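S.K.: Structure for the following, please:
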Amino acid sequence: MAVIKGYNKDVWSSEIYTSDNRYGRYQSHGSVHVMPYGKPANWGHTQAGWDWNRNPGTTTLHLPVNELESPKQSTVMVRSIEGISGSTSLLNRYGLFSFNHVEHAEGGLTGFDDTFRARKYVMASGDELYLVGNNITSNSPDVETTLFQISQRSGASININGKTITAENYTGSLRKGQWIIDDNGVGYYLVDGPSLQISRGEQESRHNKTKAITHGNFSTAWLPHGDRPVNEAYEYVMVMNATPTKMIAVKTSMDNGEYFRTLQSNVNKQVLFSVKDNLYGYTAYSDKGVSYAQGPLRFVNNTAVTLVQEHQNRLEVSISSPELYLNDTVAATPADYRLEFAGEWVLATPSEAISLSAAGGKTVIDISSTFGMASTFILCKPKTDCKVNKPIIPEPDTTPDLDISSSSGGSLNILTLIALMNFGLRRRPYN
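M.R.: Numbering: from 1, shown residues only. Down below sits the predicted model:
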């Protein structure tokens, strides 16, 4: 199972107490934890020697352990002041997670960096994840994204481009177009970004309660974004139950453009695409409305996380609000959406909760999302049997992207919801 987590203004990033979780500030920085079946310790998830800077999937400032500790002896539960963080799911098989990280030194907390920004995305398809990060910017000297951190154990090893590494101590690196399988059989194919750094060896850390020094041997891999990065980025694919044969097939498919793609990324939107599933993942950052040039969805009127799977005569759609619309005195209000699709469609199953009008070569849908939950529907071509047919492969968008580093405009001031997604990517236990 893969557990993916972010935070924002409504949900805090972690819970740090006087005698608990003293170093746990990065637990929600876009973490992607793969939790195999069984006891965590049996799969390398142990505390002794754990580097608290390197929760898998997170993009973080790598700090000395004394600086990483909470600056307050009392409770610290930091939330963001802006940013969209939400998720949606489709058909119990696909998911999209979007996280706009904006670090906030709440109440003048020392050791936090108000310049630290990152946008992170995960598209889930069956037993694979497509992970994209961009706009990684900070005035701090050591920023990185961790792929995995697993304590070493008897019989477990890593595999790098087909070569098995069993040694307790090892250092190496990978460039884009190469792959690695971790100690738990999860594969990582590096599409783009800085060279992946790999380490096997002893680590020194601190106990989260007592702060006593601990040691342990770990396998770790991370992407270094460097000193004071500006708009750094990464892109990689994770594969459950990976084998060298499977990873070679993933590499071939990615090299041929037959797997996952990023179709567009700018200040207002992000569009991911799974070629093999004909699945679009749309993230809208503007509450003024966002237009798209790729795939069947052409407009959404507010911040949203949307999945659309396209077939010749059928669209499967899921949309979620990335904001809870919480209020201290009244119940949360639904987010109302207007979506425009290319072509004229009808609802497969009419619903009082969905309004549809189709004319002039487009279809307009009015629908709501309550408390960040997914709203789903199916559209069909009129007078067809709505069967699933051969996927339609889109042409790449050639429109120049906007400068994603911009912090102006209403779209970047939207305060939104946390997302915690359990996609059911469960590994089978070893025989």
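S.K.: what is the mean pLDDT for the longest helix seen in the chain?
M.R.: Longest helix in the chain, counting residues (DSSP state H): helix 244-255. For helix 244-255, mean pLDDT is 96.
S.K.: Now that N135 has come up, it's in contact with N231, right?
M.R.: Yes: contact criterion CB atoms under 8 Å: N135 and N231 qualify, at 5.8 Å. All C-beta atoms are positioned from the backbone trio N, CA, C, and that covers glycine.
S.K.: Show me which of those two is the more surrounded one.
M.R.: A count of neighbours by other CB atoms under 10 Å puts N135 above the other of N135 and N231, at 23 against 12.
S.K.: how deep is E316 tucked in, by neighbour count?
M.R.: Residues near E316, counting by other CB under 10 Å: 20.
S.K.: Counting by contacts, list what the helix or strand containing it packs against.
M.R.: Per DSSP states H and E: E316 is located in strand 314-320. If contacts are counted by 3 or more CB pairs under 8 Å, 6 or more residues apart in numbering; DSSP states H and E, strand 314-320 sits against strand 85-90, strand 304-310, strand 335-342, strand 362-369, strand 375-380.
S.K.: how about CSV for those, with distance to T75 added?
M.R.: Shown next, in CSV, are those (distance: least, CB to CB, whole Å):
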stretch, distance to T75
strand 85-90, 22
strand 304-310, 30
strand 335-342, 31
strand 362-369, 32
strand 375-380, 36
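S.K.: what's the closest of those strands to D10?
M.R.: Set against D10 and scored by CB to CB, those come closest in strand 85-90, at 9.1 Å.
S.K.: can you give me how far the helix or strand just after that closest one is from the chain middle?
M.R.: Downstream of strand 85-90, the first helix or strand assigned by DSSP H and E is strand 94-102. Here strand 94-102 is found 5 Å from its chain centre; the criterion is CA atoms, centre = their mean, to the nearest Å.
S.K.: Could you name the helices and strands sitting against strand 94-102?
M.R.: For strand 94-102, the packing partners by 3+ CB pairs under 8 Å, 6+ apart are strand 85-90, strand 117-125, strand 269-274, strand 279-284, strand 304-310.
S.K.: Would you enumerate the residues in contact with the closest residue to S98 other than its chain neighbours?
M.R.: Once flanking residues are discounted, S98 sits nearest to T283: 4.2 Å by CB to CB, 6 or more residues apart in numbering. T283 sits next to I84, L96, S98, Y121, K269, Q270, V271, A304, V305, T306 when contact means CB atoms under 8 Å, 6 or more residues apart in numbering.
S.K.: Excluding sequence neighbours, find me the nearest residue to the fourth one.
M.R.: Nearest in space to Y121, with sequence neighbours left out and distances taken as CB to CB, 6+ apart, is V132 at 4.6 Å.
S.K.: wait, doesn't that neighbour sit right on R261?
M.R.: No: V132 is not in contact with R261 according to CB under 8 Å; the separation is 10.1 Å.
S.K.: Pick out whichever of the two has more residues nearby.
M.R.: V132 (23 against 20).
S.K.: OK, contacts around that one?
M.R.: Counting by CB under 8 Å, 6+ apart, V132 has contacts K120, Y121, V122, A233, Y234, E235, T262, S265, Q270, L272.
S.K.: sorry, back to before: touching the strand holding E316 from outside, list them.
M.R.: 86-91, 296-297, 300, 304-309, 337, 339, 341, 345, 348, 365, 367, 369, 372-381, 386-389.
S.K.: out of those, which are buried?
M.R.: 86-90, 296-297, 300, 304-309, 337, 339, 341, 345, 365, 367, 369, 372, 374-375, 377, 379-381, 386 (16 or more other CB atoms under 10 Å).
S.K.: Model confidence at the residue nearest to S98, what's the number?
M.R.: 97.
S.K.: Could you pull out the helices in this protein for me?
M.R.: Under DSSP H, the chain gives helices at 65-68, 244-255.
S.K.: Mind listing residues that contact the shortest one?
M.R.: Counting by CB under 8 Å, 6+ apart, the neighbours of helix 65-68 from elsewhere in the structure are Y23, R25, W52, N53, G111, S205, R206.
S.K.: now, the most widely separated pair of those residues?
M.R.: G111 and S205 (17.2 Å).
S.K.: So which of those two has more stuff around it?
M.R.: Neighbour totals were compared for G111 and S205, and S205 leads with 21 against 14 (other CB under 10 Å).
S.K.: most remote residue from the protein's center?
M.R.: Within the chain, the residue lying farthest from the chain centre (CA atoms, centre = their mean) is K383, at 38.4 Å.
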